[in-house]
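> Just a sequence and a predicted model for now, questions to come.
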Amino acid sequence: MVEDINLRAQVGNLRRLLGGGADCPHLVNLAGQGYCLTAPVRRLASAPAADDTVGSA
C-alpha cells in the first residue's frame, strides 16, 4: 500500500531530479487523478526497435 507521505516524498525527489524543485513544470498533479509527466520525450538513436523488446514473440 502506498501512503500519502511516502508518495509526496518521492514526487518531491523526482521534481528535484528534474530540476524544478517544488515548481517543477515537468511533473504536475492532476486533481483526483494523480501525477502526469509533461517533460518532452525523445528517442535515443541507440534505443532498441519496438520489435526488439523483451517478451515480444
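Ah, there it is. Note that the structure is predicted; figures quoted are calculated from it, not measured.

> Determine which residue lies closest to the centroid of the protein.
Leu37 (5.0 Å; Cα atoms, centre = their mean).

> so who does the nearest residue to that residue once chain neighbours are set aside touch?
Nearest non-adjacent residue to Leu37, counting by Cβ to Cβ, 6 or more residues apart in numbering: Leu27, 5.9 Å away. C-beta coordinates here come from the backbone N, C-alpha and C atoms, glycine included. Residues near Leu27 by Cβ atoms under 8 Å, 6 or more residues apart in numbering: 11, 14-15, 18, 20, 35-39.

> List the contacts of Ala39.
Neighbours of Ala39 in contact, by Cβ under 8 Å, 6+ apart: 18, 26-27.

> now swap in Gly21 and tell me
Gly21 touches Arg15, counting by Cβ under 8 Å, 6+ apart.

> from here on, count from 14
Right, with 14 as the first residue, what we last looked at is Gly34.

> Which parts of this protein are helices?
17-30 (DSSP state H).

> if I read this right, the residue nearest to the centre of the chain contacts Asn42, doesn't it?
No: the criterion here is Cβ atoms under 8 Å, and Leu50 misses it with Asn42 at 11.6 Å.

> still on that earlier bit, make a markdown table from the contacts of Ala52 and add pLDDT and distance to Glu16 to it.
Shown next, in a markdown table, are those (pLDDT from 0 to 100; distance: Cβ to Cβ, whole Å):
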| residue | pLDDT | distance to Glu16 |
| --- | --- | --- |
| Leu31 | 84 | 23 |
| His39 | 84 | 24 |
| Leu40 | 86 | 19 |
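
> shaky segments in the chain?
Across the chain, residues meeting the criterion (pLDDT under 70) sit at 14, 60-70.

> That'll do, ta.
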